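*Asks:* Provided below are the primary sequence and the corresponding predicted coordinates.
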Amino acid sequence: MKTILHLGLGRFHRGHQAVYYQKARNWKVISSTMRSPDERDKLRQVHLRYPVLELSHENEKLTWIDCIQEALSLQDDLDRLLEFFVSPETTIVTLTVTEKGYCLNSKGELDLNHAGIKNDIVHPHQPKTAIGLLALGLKSRKEKLTILSCDNLRENGKKLEAAVRKFSTTVGNDLSDDLFSFPNTMVDRIVPALLPEKVAELEKGHQLHKSELIATEQFSQWVIEDKFINGRPDWDKVGVEFVSDVRPYEEMKLRLLNAAHSYLAYAGRNRGHQYVHEAIADHELYSTIRKMLEREVIPLLTVPAGYDVTAYVNQLMSRFRNDKLPHQLKQIAMDGSQKMPQRIFSSIAEARKRNLPHELLLQATDEWMDFLWLNKDTKIDDPEAASLLKDIGTGKDVWKKKLLEKMGI
């Protein structure tokens, strides 16, 4: 049986890709954590079987997932991971490691000064990052392999390939040009981290007990560039869209959904809201976000033929109102330095080039900086926190100006 090796055994993988794999039922799935082995251990404790609960305003649906046949950890199971990398049965590797897992710099290129990458350069046979693991795994690969990034990065496949090849060259192991394919992809589903008491409430309501429940919305989308190098799976039968160019879809996702999410996260937290559904119920925030998307973002987009982008925005607003799925704003607010360039800054840059309005996009940037300022005395969950707050002692206005310059705004 053909095998999919997945890197990043978090909620999103278990509530998104694994659901598609469950429907297809014709692939062996091996999933691995990239940092702590906790997720591996929890999944093993429930014998690799867990429920996915899809929640909407109107109804809910419970599906049991048991397609993951092994749960591994980079920390403990490296040898087993490498076995799957070189196995002829493994024809696809997928990743959900978040934006910061790619260890890129502000130019979207591999950061050779990143602590994890520096470690992997010195110890290439004991990698700590997804990039280092891929480079090590692909080095001994003899058969063709497709590697799919499923994270929120523009041209994620292209960036991943460039990062892996740069790392490989740095450690003296140039990869073959004709064995590997890195298609771009776009994924969309909200799979939030719920508070323990909410998980307990849902489990009790469905007569579950310590089931490793994944709660998500009913909406789900997966768009993949049709550039497979070792046979294309028939995932189109279970809802995956294969297209020649993913960019219009990823631009809509990043610049509409993700941009609105970031605005809500920072402006909502600045106003004392805790959840997405609370923030979108704030009339001022709702109105501002709609204006930003409709007046400033949509004019920048190349919309796929026949796609109703206004209906897409209406659907976003409905998804945000889903109070059955309480999505914490502080979760979305994490790693702003990695997210804002993709979601907001790129739109500002393009609007300026085209001499188009971007006042509300700048306001989104200001909300982010206000969030940083208001939380400067607490632990900010961002890999660049020290750099972001470097000039904080200069006073709010001077610090903001320096931060804007640093971010190229």
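*Replies:* Done, it's in.
*Asks:* all strands of the protein, in order?
*Replies:* For the chain, strands defined by DSSP state E occupy the ranges 3-7, 28-33, 50-55, 60-65, 68-73, 90-95, 145-149, 180-181, 185-188, 214-217, 221-225, 241-243.
*Asks:* which strands and helices lie in contact with the shortest one?
*Replies:* It stands for strand 180-181. strand 145-149 (3 or more C-beta pairs under 8 Å, 6 or more residues apart in numbering; DSSP states H and E). The way it works is simple: take the backbone N, C-alpha and C, and place the C-beta from them, glycine included.
*Asks:* parallel or antiparallel, list what pairs with the strand it packs on.
*Replies:* Here strand 145-149 has these sheet partners by DSSP bridges: strand 90-95 (parallel), strand 180-181 (parallel).
*Asks:* residues touching that strand, excluding its own?
*Replies:* Residues from elsewhere that reach strand 145-149 (C-beta atoms under 8 Å, 6 or more residues apart in numbering): 90-95, 102, 134, 138, 156-157, 159-161, 164, 179-185, 224, 227-230.
*Asks:* 6 Å instead?
*Replies:* 92-95, 156-157, 160, 180-182, 185, 228-229 (C-beta atoms under 6 Å, 6 or more residues apart in numbering).
*Asks:* what average pLDDT does it get?
*Replies:* What strand 145-149 shows for mean pLDDT is 98.
*Asks:* cool, stretch 2-18 as well?
*Replies:* 96.
*Asks:* mind listing what's buried in that stretch?
*Replies:* Buried residues in stretch 2-18, counted by 16 or more other C-beta atoms under 10 Å: 3-18.
*Asks:* what is the nearest of these to Gln328?
*Replies:* Using C-beta to C-beta, Arg11 is the member of those that lies nearest Gln328, at 12.6 Å.
*Asks:* do you know how far that closest one is from Leu55?
*Replies:* Counting by C-beta to C-beta, to the nearest Å, the gap from Arg11 to Leu55 is 14 Å.
*Asks:* same question, Met1
*Replies:* 33 Å.
*Asks:* the more surrounded of those two?
*Replies:* Set Met1 next to Leu55 and count neighbours by other C-beta atoms under 10 Å: Leu55 wins out with 17 against 7.
*Asks:* residues touching the more buried one, list them.
*Replies:* By C-beta under 6 Å, 6+ apart, the contact list for Leu55 reads Lys324, Leu325.
*Asks:* surely Asp402 and Asp391 touch.
*Replies:* Quick fix: residue 402 is Lys, not Asp. Yes: assessed by C-beta atoms under 6 Å, Lys402 is found in contact with Asp391 at 4.7 Å.
*Asks:* coming back round to it: what's the farthest-apart pair in the buried residues of stretch 2-18?
*Replies:* Thr3 and Arg11 (22.6 Å).
*Asks:* quick check: Gly231 vs Leu175, distance?
*Replies:* 20 Å.
*Asks:* tell me which of the two has more neighbours.
*Replies:* For Gly231 versus Leu175, neighbours defined as other C-beta under 10 Å are more numerous around Leu175 (17 against 11).
*Asks:* closest one to His206 among the strands of the chain?
*Replies:* strand 60-65 (6.0 Å).
*Asks:* any idea what Trp64 is bridged to?
*Replies:* Pro51.
*Asks:* buried stuff in the one helix or strand in the chain whose mean pLDDT sits lowest?
*Replies:* Least confident helix or strand, the chain: helix 196-205 with a mean of 91, by mean pLDDT, DSSP states H and E. Residues of helix 196-205 classed as buried by neighbour count (16+ other C-beta under 10 Å): Val199, Leu202, Glu203.
*Asks:* now do that helix against strand 50-55, angle only.
*Replies:* Calculated by axes from the mean of the first three to the mean of the last three C-alpha atoms, to 10 degrees, helix 196-205 forms an angle of 100 degrees with strand 50-55.
*Asks:* need the contact partners of helix 196-205.
*Replies:* Here helix 196-205 has contacts from Leu213, Ala215, using C-beta under 6 Å, 6+ apart.
*Asks:* relative to Asp120, how far out is Gly10?
*Replies:* Gly10 sits 21 Å away from Asp120, going by C-beta to C-beta.
*Asks:* hang on, I meant Val240
*Replies:* Taken as C-beta to C-beta, the span from Val240 to Asp120 is 32 Å.
*Asks:* what about these two, which has more around it?
*Replies:* Neighbours were counted for Val240 and for Asp120 using other C-beta under 10 Å; Asp120 has more, 25 against 19.
*Asks:* quick one: the helices in the stretch 51-200 of the chain?
*Replies:* In the stretch 51-200 of the chain, the helices defined using DSSP state H, counting those that start in this stretch lie at 78-86, 115-122, 130-139, 156-170, 196-205.
*Asks:* list the buried residues of stretch 402-409.
*Replies:* Buried-residue list, stretch 402-409, by 16+ other C-beta under 10 Å: Leu403, Met407, Ile409.
*Asks:* from these, which is closest to Trp27?
*Replies:* Once C-beta to C-beta is applied, the member of the buried residues of stretch 402-409 that ends up nearest Trp27 is Met407, at 41.3 Å.
*Asks:* so what pLDDT did the closest one get?
*Replies:* 89.
*Asks:* and what of Thr365?
*Replies:* 98.
*Asks:* kindly report the same for Asn375.
*Replies:* Looking at Asn375, the pLDDT reads 96.
*Asks:* check Asn26 too.
*Replies:* Reported pLDDT for Asn26: 83.
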